[in-house]
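Asker: next one to model:
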Amino acid sequence: MRTAQAVPSQTLFQAIGWIACLAVATFTVSCTRENHHEILGAGGLDGNTTTTPQTPATLMTNPYNELTPEEAYVIEDKGTEARNVGEYTDTKDLGTYLCRRCNAKLYVSKQKFASNCGWPSFDDAIADAVRQEPDADGRRTEILCAHCDGHLGHVFLGEGYTEKNTRHCVNSLSMRFYPEGEQLPPIGWLRAPKR
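Answerer: Numbering: from 1, shown residues only. Modelled structure (predicted):
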């Protein structure tokens, strides 16, 4: 009695079938893991996002730095911090000032000068970092972070403090200072969520 031998083409088809099954199984496991991470990144079952790695779902719900009530009052509600209390009013160290909400670069220390007005003063901003628009009071010009629209303060012209004859009067609460040589944090998403 002769035993049936596998024809070479049948063996090839069996091998292809096994490879296809393995590929489908790998894809299914990968999709399941991705979905699991999205659920965790969005807060999971307990709503806690602090212990999970940042995923696109997490970044979409938290695109910017968390603000204290005082910071939110200045940056989001266009408030003004009290005079002569800001942490950067008298700072002279070399470094970069970033938007406290989105980490966009705003000013560098060589643009800062002492105006004795009670708030940090700069005679210029990093190119395209700050935008200006008429203030709601109709008398002043507001300055905002060009990246997230966070309120920074106001700009004044013609006061003669520097050769540029410009003073960006900025709330310390709108910025965070990073000394020269320190690694800067990544920038947030393009636009702030509307309130």
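
Asker: tell me which helix or strand residue 70 sits in.
Answerer: Taking DSSP states H and E as the definition, residue 70 sits inside helix 69-75.

Asker: what's next to that helix, contact-wise?
Answerer: 67, 79-81, 100-101, 150-151, 171, 173-174 (C-beta atoms under 8 Å, 6 or more residues apart in numbering). C-beta here means a position set from N, CA and C on the backbone, and glycine is covered the same way.

Asker: go on, stretch 122-140?
Answerer: With contacts defined as C-beta under 8 Å, 6+ apart, stretch 122-140 is touched by 78, 97, 104-108, 111-113, 141-147, 152, 154-156, 161-168, 170.

Asker: would you mind checking which helix or strand in this structure has the lowest mean pLDDT?
Answerer: Among the helical and strand segments of the chain, the one scoring lowest on mean pLDDT, DSSP states H and E is helix 56-61, with a mean of 44.

Asker: coming back round to it: of the contacts of stretch 122-140, which belong to strands?
Answerer: Judged by DSSP state E, strands contain the following of the contacts of stretch 122-140: 97, 105-108, 112-113, 141-145, 152, 154-156, 166-168, 170.

Asker: buried among the residues you listed? Make that a ChimeraX selection.
Answerer: Here is the ChimeraX command that selects the buried residues among the ones in strands among the contacts of stretch 122-140 (16 or more other C-beta atoms under 10 Å):
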select :97,105,106,107,108,112,142,143,144,145,152,154,155,156,166,167,168,170
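
Asker: quickly note the distance from residue 148 to residue 177.
Answerer: 18 Å (C-beta to C-beta, to the nearest Å).

Asker: more neighbours, these two?
Answerer: Counted by other C-beta atoms under 10 Å, residue 148 and residue 177 do not tie: residue 148 has more neighbours, with 24 against 19.

Asker: how does the protein divide into domains?
Answerer: 8-61, 69-179 (automatic domain parsing).

Asker: any idea which of these scores lowest on pLDDT?
Answerer: Note on the domains of the chain: lowest mean pLDDT is at domain 8-61, with a mean of 44.

Asker: and residue 109, how many neighbours?
Answerer: Using other C-beta under 10 Å, residue 109 has 16 neighbouring residues.

Asker: tell me the spacing between the residue lying closest to it once chain neighbours are set aside and residue 69.
Answerer: Spatially, and ignoring its direct neighbours in sequence, residue 109 is nearest to residue 94 (4.9 Å; C-beta to C-beta, 6 or more residues apart in numbering). Residue 94 sits 31 Å away from residue 69, going by C-beta to C-beta.

Asker: compare the two (neighbour count), which wins?
Answerer: Between residue 94 and residue 69, residue 94 has the larger neighbour count (other C-beta under 10 Å), namely 12 against 7.

Asker: quick one: the more buried one from residue 169, how far?
Answerer: Distance of residue 94 to residue 169, given as C-beta to C-beta: 21 Å.

Asker: residue 68 too?
Answerer: For residue 68, the distance to residue 169 equals 21 Å [C-beta to C-beta].

Asker: find the nearest non-adjacent residue to residue 142, please.
Answerer: Ranked by C-beta to C-beta, 6+ apart and with sequence neighbours excluded, the top spatial neighbour of residue 142 is residue 135, at 4.5 Å.
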